[in-house]
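> Pasting the sequence and the predicted model now:
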There are 2 protein chains.
Amino acid sequence: MERIDSTQNARVKNWGRLHQKKGRDETGLFLIEGMHLTEEALKAGIVETIITDTEPAFAFEHIVLTTPAVMHKLSQNPSGAHVIAVCRQLKKQAAGNSRILILDDIQDPGNLGTLIRTAVSFSFDAVYCSEKTCDLYNEKVIRATQGALFAIPVIRTDVEKLTAELQRQGVQVVATTLQEADPMSAVEAQPAMAFILGNEGNGVRPSLQKAADRRLKIEMNGFESLNVAVAGGIIMYRYRGQK
Amino acid sequence: MERIDSTQNARVKNWGRLHQKKGRDETGLFLIEGMHLTEEALKAGIVETIITDTEPAFAFEHIVLTTPAVMHKLSQNPSGAHVIAVCRQLKKQAAGNSRILILDDIQDPGNLGTLIRTAVSFSFDAVYCSEKTCDLYNEKVIRATQGALFAIPVIRTDVEKLTAELQRQGVQVVATTLQEADPMSAVEAQPAMAFILGNEGNGVRPSLQKAADRRLKIEMNGFESLNVAVAGGIIMYRYRGQK
């Protein structure tokens, strides 16, 4: 087992760069923290190195034993971490298209992570994100997924081209919006559906609202305001996939 | 209009103490930031003072004009704020009991705020929080409510006594849990219902699960894991109140 004692070690410095999007993009790597996420990442086969300052409880060959000071330097948690894993970014393809989630410029990392977690729970096949959606490998996103990130293809793409392509494949594309939309109870489940959720402030961009086959609104009274991850949860539950 | 130029001013120091729970508890006051929340708080009639470093656009008598340095000191936002309002904590009573949300030790401020926002959107009558639920006047809670906090009674109480009292009033109390629970589609809507959502890590405490009239589970496949604010959203949509 390798041992690193210095916060100035070159590998430690390289791992530290993974806290920035630039460092993640250049290397195709990202960091996760904690036992639970590390176990999920091991199951998914994407772990490159496990870094720990305690007795390692993993049957894994690339473990680096280090000091609390190094762990503190690498952790995003103010109270530190005992296990951090360096992981390879997934490049999964969607295996089916019966239930698809499309995210149009979601900005909040917690919302993005929660939507991915919910998509897995309701057997969606894939999550597509517009190019301006926040970075997938941001620590807050990963924490909010609770490990679900490793269980579903999450693909950054041009969502306008994607919408056209899905429609060619016979997928019904549904945009969520408050204007000129049918109440959700009036939108029947179809064998293949894709749901577009919009930016927290601006909603789904007009061109996608126009391109969509249907427009859906969650029935509400008065206040008419839902967090996008909550709206996504209500929709994904109603149209959940079969598995 | 009053003017304060110094960050060392006694009133500024007192307002700064409202960032801590202790300061809020002792005074019954709390701070909010931004035009949108301030407008909502004015509508609710709970604003004591508006503090701003720009031309004030409010028809309100207690406005303090100050410097960007004071605003920066009082803001929780790294990029500062131009409007901050000092507000009085609400002590509303529930006006009805046909749809009640009970939160058992919710820890995450974003989850608490999102649940309150959702409760307003689906016409719930009140939100009750256990004594260990995170502080309601935390900035992150208020931000996540998007102003909904001022539109519904949110009451901190002994939730075990509350459950017994609601049952005496004929309210059906439903605990959400994954074990020995009926799927949501099998739990019919009743005229008066209360839903208990549990702590992010531990769920609903066993004594409340036992006391509840029914146990409800959201149907899922595989991953079986939902964020509590998403679970609450799915439940509140299904059993939404009439208004």
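Received, thanks. Numbers count the residues shown, from 1 in each chain, chains lettered A, B, ... in the order given.
> only C-alpha atoms for contact and neighbour calcs from this point on.
Noted.
> biggest helix in chain A by residues?
helix A:109-121 (DSSP state H).
> Which neighbouring elements make contact with that helix?
Here helix A:109-121 touches strand A:126-129, helix A:139-145, helix A:228-238, going by 3 or more C-alpha pairs under 8 Å, 6 or more residues apart in numbering or on different chains; DSSP states H and E.
> what's next to it, contact-wise?
Residues from elsewhere that reach helix A:109-121, judged by C-alpha atoms under 8 Å, 6 or more residues apart in numbering or on different chains: A:101, A:106, A:126-127, A:134-136, A:138, A:140-149, A:151-152, A:154, A:228-229, A:232-233, A:236, B:220-227.
> 7 Å instead?
Residues outside helix A:109-121 that contact it (C-alpha atoms under 7 Å, 6 or more residues apart in numbering or on different chains): A:106, A:134, A:140-142, A:144-146, A:148-149, A:151-152, A:229, A:232-233, A:236, B:220-227.
> between it and helix B:109-121, how many degrees?
On the basis of axes from the mean of the first three to the mean of the last three C-alpha atoms, to 10 degrees, helix A:109-121 is oriented at 70 degrees to helix B:109-121.
> Save the helices and strands packed on helix A:109-121 as TSV, and put in mean pLDDT too.
Below are the helices and strands packed on helix A:109-121 laid out as TSV (pLDDT from 0 to 100):
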stretch	mean pLDDT
strand A:126-129	97
helix A:139-145	92
helix A:228-238	98
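> now the ones you listed in CSV, with distance to A:Gln93?
Below are the helices and strands packed on helix A:109-121 laid out as CSV (distance: least, C-alpha to C-alpha, whole Å):
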stretch, distance to A:Gln93
strand A:126-129, 8
helix A:139-145, 19
helix A:228-238, 20
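> re the thing from before, of the contacts of helix A:109-121, grab the buried ones for PyMOL.
Applying 16 or more other C-alpha atoms under 10 Å in any protein chain shown to the contacts of helix A:109-121, the buried members can be selected in PyMOL as follows:
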select buried, (chain A and resi 106+134+140+141+142+144+145+146+148+149+151+152+229+232+233+236) or (chain B and resi 220+223+225+226+227)
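> related to what we said a few turns ago, chain center to the longest helix of chain A: distance?
6 Å (C-alpha atoms, centre = their mean, to the nearest Å).
> mean confidence score for it?
Looking at helix A:109-121 alone, the average pLDDT works out to 96.
> Using CSV, list the CA coordinates for it.
In CSV, the C-alpha atoms belonging to helix A:109-121 read as follows (Å, rounded to 0.1, in the frame of the first residue of the first chain):
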residue,chain,number,x,y,z
PRO,A,109,-26.2,21.7,-7.9
GLY,A,110,-28.6,20.4,-5.2
ASN,A,111,-31.5,20.4,-7.7
LEU,A,112,-29.5,18.6,-10.3
GLY,A,113,-28.3,15.9,-7.9
THR,A,114,-31.8,15.4,-6.5
LEU,A,115,-33.3,15.1,-10.0
ILE,A,116,-30.8,12.4,-10.9
ARG,A,117,-31.5,10.5,-7.7
THR,A,118,-35.3,10.7,-8.4
ALA,A,119,-34.8,9.6,-12.0
VAL,A,120,-33.1,6.4,-10.8
SER,A,121,-35.9,5.7,-8.2
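> by how many degrees do it and helix B:228-238 diverge?
Going by the same axes, to 10 degrees, helix A:109-121 makes 70 degrees with helix B:228-238.
> in helix A:109-121, what counts as buried?
Applying 16+ other C-alpha under 10 Å to helix A:109-121 flags A:109-121 as buried.
> cool, and stretch A:149-163?
A:149-156, A:159, A:163.
> Can you tell me which of the residues you listed is nearest A:Arg88?
A:Phe150 (10.7 Å; C-alpha to C-alpha).
> Is that closest one in contact with A:Ile46, as I believe?
No - between A:Phe150 and A:Ile46 there is no contact under C-alpha atoms under 7 Å: 8.5 Å.
> Near chain B, which residues of chain A are found?
Within reach of chain B by C-alpha under 7 Å from any C-alpha of the partner chain, chain A has these residues: A:114, A:117-118, A:120-123, A:220-227, A:229-230, A:233-234, A:243.
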